[in-house]
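Engineer: mind looking at a prediction? Sequence and model below.
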Amino acid sequence: MLFLLPLAFALAAHAQAQQVLPLNSLDSFSAQTTLLGLPASSQLTVSVAICTSEASSARFFLSNSSSGAVPGPSGGTDVFEIQLSDGNGQWSGSAPNGGLLSVQDLSQGSFQVSVSDNGTTYEALDQLPMLGDTTSTQAILFSYPFLPAPIEQPSFPNYTLPPANLSAPDIPSSIPNFTLVIAPTSAQLSSLPQTACALSNTSSTGSIVSNYPWLQSSQGWRSQWLVDGLSPSTNYTAYVIQDALKVSGPIYFATKSGKFPLLLLLLPLTIPPSANFQCPLVYSLPYCPSTAYAVPLPPPPSSAFGYNVTTLPDNITSPLLQYMTNFTTMLSTFACGRDLYSPLQTCADCQTNYRTWLCSVSFPRCSEPALGDNSTTAPSLGSSAQAPFSALQPQPSGSPSRNPNFPNATYDYSTLLPCLETCNAVDRACPYFLGIKCPTTKFNAAASYGVGFIDSGNEGEIGNGATGLAQDRWGNVWCNGN
């Protein structure tokens, strides 16, 4: 009767497999599940995700053999262990007769399994969400770009540039299902398994006022969230989850403070401090698609979240659009598309870069020193300071705005200067006859721009700046690059 033992073990294994997972499915399981059947497929992908910290000890073994033997740590023919990284793991291969998935060393907690024939897996993405800006209680956040911006290069003889007053483009027909997760950094979300199911099980902070796709100029389509109900002077951690499978993040940011205690060090004692960070947010402007930050304006009408294309005063938008129209008219005097002024740049590139620069200088950006930053001025080039300070300029209440079309603010704030690179990009992209010139370090560029952050600030040198970028994933924003 000994020859019947292998058959008995095989039958017992199949009996344990109470559930055969259907193809192209995502299922959740508790610690009581130890064996699952896998469907037959010539291109099978099995992906697992740990959903709770208690399940982090779990090991997953897979067999695509038809023997029916339970796969485990002892190995064997056609037995594979799914290695986990950040709580995710996957296996891909052929399973013409199906297979078995065994769960070992799991006493409590939960996990998910995705089975597909199209390569769908749990995944930690390299692409990060992006912070627009914050106030004391609000934030604008974006997903990573999920769709490239449409590239429409006009051609001669019908070389027509986009109008100054762009309209909102049609929303793409296929949009991923995004979920935003925010929590105070003190909640230590980064200590959890970095999986979609683990992060989705956490309690997200704040209330989402609205969420919709937004085309951020050449950056492509992103999902945009307007978030309210946050706490002042608080560090937050944010993730974006796509289709309940893929995790983007984390990024970190801080809400603005209720006061400007550090600003007092730089202001005359006769200037009283503002009780709160009072600059409202401006966002969703089709003609300035990358503008999403706080600006020195009065409170928005009717307790709105901020200013958008429908509520921004005409005395601010009209001059901007007129500048854009005049520039486009002048640019169009060049035989765009017929004559080349650069092997790398076109008139369309010139107009795009000019729009970015015009928006960054037309909408002064409010900010404040980062927590722990005891200065509001950037260090001089060549400084040995380990951490550069943001390019901030104090603006006492009643002082003229950097944009004369803005009213004088009735509160104290600090302006975050535009990155000098926004001007240099226009200079590099446009025909020489337009006469575009940007200030240099030798001639007081730092009075109007953030200098030395992205580029070094040395004339003719690209790169080698103190930070290499305008803002990072840790919530540092050194100059306004939007």
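Structural biologist: All right, it came through fine. As the structure is a computational prediction, the values presented were derived from the model and not from experiment.
Engineer: only C-alpha atoms for contact and neighbour calcs from this point on.
Structural biologist: OK.
Engineer: which stretches of this structure have low pLDDT?
Structural biologist: 1-18, 259-275, 371-387 (pLDDT under 70).
Engineer: swap the cut-off to 80 and go again
Structural biologist: Along the chain, the parts satisfying pLDDT under 80 run over 1-18, 67-68, 75-76, 151-152, 258-275, 370-387, 459-460.
Engineer: mind naming the longest helix for it?
Structural biologist: The longest helix of the chain (DSSP state H) is helix 314-331.
Engineer: got a list of contacts for the helix or strand following it?
Structural biologist: Helices and strands here follow DSSP states H and E; after helix 314-331, the next one along the chain is helix 347-362. Residues outside helix 347-362 that contact it (CA atoms under 8 Å, 6 or more residues apart in numbering): 153-154, 161, 288, 290-291, 320, 324, 328, 331, 336-337, 403, 418, 422-423, 425-426, 429-431, 480-482.
Engineer: can you turn the buried part of these into a PyMOL selection?
Structural biologist: Of these, the buried ones can be selected in PyMOL as follows, counting by 16 or more other CA atoms under 10 Å:
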select buried, resi 154+161+288+290+291+320+324+328+331+336+337+418+422+423+425+426+429+430+431+480+481+482
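Engineer: so which of the contacts of helix 347-362 sit within helices?
Structural biologist: Per DSSP H, those map to helices at 320, 324, 328, 331, 422, 423, 425, 426, 429.
Engineer: tell me how far the third one lies from residue 355.
Structural biologist: This means residue 328. With distances taken as CA to CA, to the nearest Å, residue 328 is found 10 Å from residue 355.
Engineer: and stretch 467-475, how far out from the chain middle?
Structural biologist: Relative to its chain's centre, stretch 467-475 lies at 12 Å (CA atoms, centre = their mean, to the nearest Å).
Engineer: please apply the same query to stretch 136-143.
Structural biologist: 11 Å.
Engineer: neighbouring contacts of the longest helix of the chain?
Structural biologist: Contacts of helix 314-331 (CA under 8 Å, 6+ apart): 161, 163-165, 347, 351, 355, 358-359, 362, 405-406, 434.
Engineer: quick one, it and helix 347-362 angle?
Structural biologist: 150 degrees (axes from the mean of the first three to the mean of the last three CA atoms, to 10 degrees).
Engineer: what are the buried residues along helix 314-331?
Structural biologist: Quick answer for helix 314-331 (16+ other CA under 10 Å): 316, 317, 320, 321, 324, 325, 327, 328, 331.
Engineer: how about residue 298, secondary structure?
Structural biologist: coil (DSSP: H, G, I helix; E, B strand; the rest coil).
Engineer: tally of neighbours for it?
Structural biologist: The tally of other residues near residue 298 (other CA atoms under 10 Å) stands at 15.
Engineer: next up, the contacts around it.
Structural biologist: 279, 280, 409.
Engineer: same thing with residue 466?
Structural biologist: Contacts of residue 466 by CA under 8 Å, 6+ apart are 388, 452, 453, 454, 455, 456.
Engineer: surely residue 108 and residue 55 touch.
Structural biologist: Yes. Contact criterion CA atoms under 8 Å: residue 108 and residue 55 qualify, at 6.1 Å.
Engineer: those two: who's more crowded?
Structural biologist: Taking other CA under 10 Å, residue 108 and residue 55 do not tie; residue 55 has more neighbours (21 against 16).
Engineer: count of residues packed around the residue lying closest to that one once chain neighbours are set aside?
Structural biologist: The spatially closest residue to residue 55, leaving aside those adjacent along the chain, is residue 109, at 4.6 Å (CA to CA, 6 or more residues apart in numbering). Neighbours of residue 109 under the rule other CA under 10 Å: 18.
Engineer: give me every residue that touches residue 109.
Structural biologist: Contacts of residue 109 by CA under 8 Å, 6+ apart are 30, 31, 51, 52, 53, 54, 55.
Engineer: switch to 7 Å and redo it
Structural biologist: Counting by CA atoms under 7 Å, 6 or more residues apart in numbering, residue 109 touches 30, 31, 52, 54, 55.
Engineer: name the residues of stretch 172-187 that are buried.
Structural biologist: Those would be 178, 179, 180, 181, 182, 183, 184, 185, for stretch 172-187 by 16+ other CA under 10 Å.
Engineer: now do stretch 119-129
Structural biologist: Applying 16+ other CA under 10 Å to stretch 119-129 flags 119, 120, 121, 122, 123, 124, 128, 129 as buried.
Engineer: with stretch 466-482 instead?
Structural biologist: 466-467, 469-473, 475-482.
Engineer: could you do stretch 78-87 as well?
Structural biologist: 79, 80, 81, 82, 84, 86, 87.
Engineer: got it, and stretch 393-412?
Structural biologist: 393-397, 401-402, 405-409, 411-412.
Engineer: likewise stretch 306-314?
Structural biologist: Neighbour count says stretch 306-314 has 306, 307, 308, 312 buried, by 16+ other CA under 10 Å.
Engineer: and residue 213, what element?
Structural biologist: Using DSSP H and E, residue 213 falls in strand 207-215.
Engineer: counting by contacts, list what the following helix or strand past that strand packs against.
Structural biologist: Note on strand 207-215: by DSSP H and E, the next helix or strand toward the C-terminus is strand 221-228. Where contact means 3 or more CA pairs under 7 Å, 6 or more residues apart in numbering; DSSP states H and E, strand 221-228 is packed against strand 139-142, strand 207-215.
Engineer: can you map out the strands along the stretch 151-300 of the chain?
Structural biologist: Using DSSP state E, counting those that start in this stretch, the strands found in the stretch 151-300 of the chain span residues 178-184, 207-215, 221-228, 235-242, 246-254, 281-282, 293-294.
Engineer: so which of the ones you listed is nearest residue 41?
Structural biologist: strand 246-254 (23.2 Å; CA to CA).
Engineer: quick one: strands adjacent to the closest one?
Structural biologist: strand 123-125 (parallel), strand 235-242 (antiparallel) (DSSP bridges).
Engineer: residues making contact with that strand?
Structural biologist: Here strand 246-254 has contacts from 122-129, 195-196, 233-241, 473-475, using CA under 7 Å, 6+ apart.
Engineer: now it against strand 178-184, angle please.
Structural biologist: Using the same axes, to 10 degrees: strand 246-254 against strand 178-184 is 40 degrees.
Engineer: can I get strand 246-254 in CSV, CA atoms only?
Structural biologist: Coordinates of each C-alpha in strand 246-254 appear next as CSV, following Å, rounded to 0.1, in the frame of the first residue of the first chain:
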residue,chain,number,x,y,z
LYS,A,246,0.6,50.6,-7.8
VAL,A,247,2.1,53.0,-5.2
SER,A,248,3.6,56.4,-6.0
GLY,A,249,5.4,58.1,-3.2
PRO,A,250,6.0,59.0,-0.6
ILE,A,251,6.5,62.7,-0.8
TYR,A,252,6.6,65.1,2.2
PHE,A,253,5.3,68.6,2.7
ALA,A,254,4.5,71.1,5.5
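Engineer: returning to that earlier point: now the helices and strands packed on strand 221-228 as a markdown table including mean neighbour count and distance to residue 101?
Structural biologist: What follows is these, written out as a markdown table (neighbours: other CA atoms under 10 Å; distance: least, CA to CA, whole Å):
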| stretch | mean neighbour count | distance to residue 101 |
| --- | --- | --- |
| strand 139-142 | 24 | 37 |
| strand 207-215 | 16 | 38 |
